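[1] next input, structure requested:
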Amino acid sequence: MSDKRALTSFDTGVIAAITLIGTALAALEPSKRDKIKSSAESLIAMLPADGELADGSSAHHVPLQALIAGLYPEKSKKSAD
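    As a prediction, this is how the structure comes out:
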């Protein structure tokens, strides 16, 4: 059995909420979205990349990555559906 954990239902809810916030911010002009993205990427770089989750991603990074995904819904894999 792996020592890596799966996302909890709380984690999933937080990630969904942050994605929704990002989607709301997507209405901003592109330069403002780019500044938010840059800030989120800077935070990601400062947080540990521990690969703690079962898929190898870092629980520290997932919420910020969700925010970035919400900022650019046109680039989202699910937006094509």
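
[2] can you list the weak-confidence ranges in this protein?
    Within the chain, the segments meeting pLDDT under 70 span 1-2, 76-81.

[3] what about the helices in this protein?
    In the chain, the segments counted as helices under DSSP state H are 9-25, 30-46, 62-71.

[4] quick one: contacts for residue 47?
    58, 60, 61, 64 (C-beta atoms under 8 Å, 6 or more residues apart in numbering). Using the backbone N, CA and C atoms, a C-beta is placed for each residue, glycine as well.

[5] and of the residues you listed, the nearest to residue 40?
    Distance ranking of the contacts of residue 47 against residue 40, using C-beta to C-beta, places residue 64 first at 4.6 Å.

[6] number of nearby residues for that closest one?
    By other C-beta atoms under 10 Å, the residues close to residue 64 number 20.

[7] can you tell me how far the nearest residue to residue 65 once chain neighbours are set aside is from residue 68?
    Spatial nearest neighbour of residue 65, excluding adjacent residues (C-beta to C-beta, 6 or more residues apart in numbering): residue 44 at 7.2 Å. Remark: distance between residue 44 and residue 68 (C-beta to C-beta, to the nearest Å) = 9 Å.

[8] same check, this time on residue 29
    Relative to residue 68, residue 29 is positioned 17 Å away (criterion: C-beta to C-beta).
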